[in-house]
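Q: need coordinates for the following:
(chains A and B, ligands or ions: 2)
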Amino acid sequence: MLKIGDVLLVSIQVELEDQVVLELQDDLAARIVDSGASGVVIDITAVEIVDSFVGRMLATTAAISRMLDAQTVVVGMRPAVAITLVELGLSLGGVRTALTLEKGLEILARRDDSRPAQL
Amino acid sequence: MSGLAPVPDAEHESVPIGSNDDVVRARQLVRALAQQCKLSLVDQTKLVTAASELARNTLVYGGGGVMRVGLVRRDGRVGVTAVFEDSGPGIPDVDQALTDGWTSGGGLGLGLSGARRLVDDFTLQTEVGGGTQVAVTKWAR
Ligand SMILES: Nc1ncnc2c1ncn2[C@@H]1O[C@H](COP(=O)(O)OP(=O)(O)O)[C@@H](O)[C@H]1O
Ligand SMILES: [Mg+2]
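A: Ligands and ions are numbered 1, 2, ... in the order given. Coordinates of the predicted model:
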């Protein structure tokens, strides 16, 4: 997990077993609070399949970070993964996605500008 | 379970499904065979995703079991068949289990129904108290 400015970057590089997926979800929540991050980018460029377990982790992570006042963007989803997810029945409605890391960071930067100024 | 499994006739491999590690191994083996029979990338992804769902069900609900996987040939076509088998509690109401969003655990209830959509052939045999067997096939186009 890497912190760039206000953003936590998580890059999923290996094939994850279920237990590791759950640990990642918990670690992320803790890191958001500790670091005061306003955004989270989850990079799944290297991920070959997203099944309902990983899909749920992405959705849950997005929901948790929203509650902790951070926005999550999932970047780098492969076309075959997107097609498969939709057919599986998971459209990940609550999860913001962007095609590239760069675009994901852009979305988060825009969101940060629109945050009301602290009194 | 009784009855002949719709199993890969020729060379097939067995993987025990007893841990989260095994689920990962099962996915990798299915992926290797899907590549070998030249499924498109999208079809590979669909089959491996279905296998991941079914392997997890074998582990979580079936109390563990085995996956057998291999290449199949029919009418001049080549495909990959994966069979997931356990001797767990079985499924009392199959229609319900195949309904999108229905789960008896804490899942999303998309594993069985989603897997059925992702493959070309899908068969489910189950017996309360006797176990569950799910076979899926994806054919190369
Ligand atoms: N191998 C199995 N043995 C017993 N019950 C099963 C098995 N596979 C699936 N089921 C039942 O079918 C339900 C639906 O499965 P699934 O669609 O994969 O959803 P989920 O895994 O999210 O519960 C499960 O909650 C479980 O009750
Ligand atoms: Mg399942």
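
Q: what sits closest to residue A:89 if chain neighbours are left out?
A: Leaving aside its chain neighbours, residue A:89 sits nearest to residue B:110 (4.6 Å; criterion: CB to CB, 6 or more residues apart in numbering or on different chains). For every residue, glycine as well, the C-beta is placed using N, CA and C.

Q: likewise residue A:51?
A: Nearest to residue A:51 is residue B:52, by CB to CB, 6+ apart, at 4.3 Å.

Q: mind listing the helices for chain A?
A: For chain A, applying DSSP state H gives helices covering A:18-35, A:52-67, A:79-88, A:101-113.

Q: which one of the ones you listed has the lowest average pLDDT?
A: Of all these, the minimum mean pLDDT falls on helix A:101-113 (a mean of 88).

Q: ok, back up a step: tally of neighbours for the residue nearest to residue A:51?
A: Using other CB atoms under 10 Å in any protein chain shown, residue B:52 has 25 neighbouring residues.

Q: and the pLDDT at it?
A: Taking residue B:52 on its own, its pLDDT is 98.

Q: spatially central residue for chain A, please.
A: Nearest residue to the geometric centre of chain A (CA atoms, centre = their mean): residue A:42, 3.7 Å.

Q: give the bridge partners for that residue, please.
A: residue A:10, residue A:74 (DSSP bridges).

Q: spit out the contact partners of it.
A: Contacts for residue A:42 were tallied using CB atoms under 8 Å, 6 or more residues apart in numbering or on different chains; they are A:10, A:12, A:58, A:61, A:72-75.

Q: which one of the residues you listed sits closest to residue B:121?
A: Proximity of the contacts of residue A:42 to residue B:121 (CB to CB) peaks at residue A:58, which lies at 29.6 Å.

Q: separation between the closest one and residue B:61?
A: Separation of residue A:58 from residue B:61 (CB to CB, to the nearest Å): 23 Å.

Q: tell me if stretch B:25-33 is near ligand 1.
A: No. In terms of CB under 6 Å from any ligand atom, no part of stretch B:25-33 sits within range of ligand 1; the closest distance is 13.6 Å.
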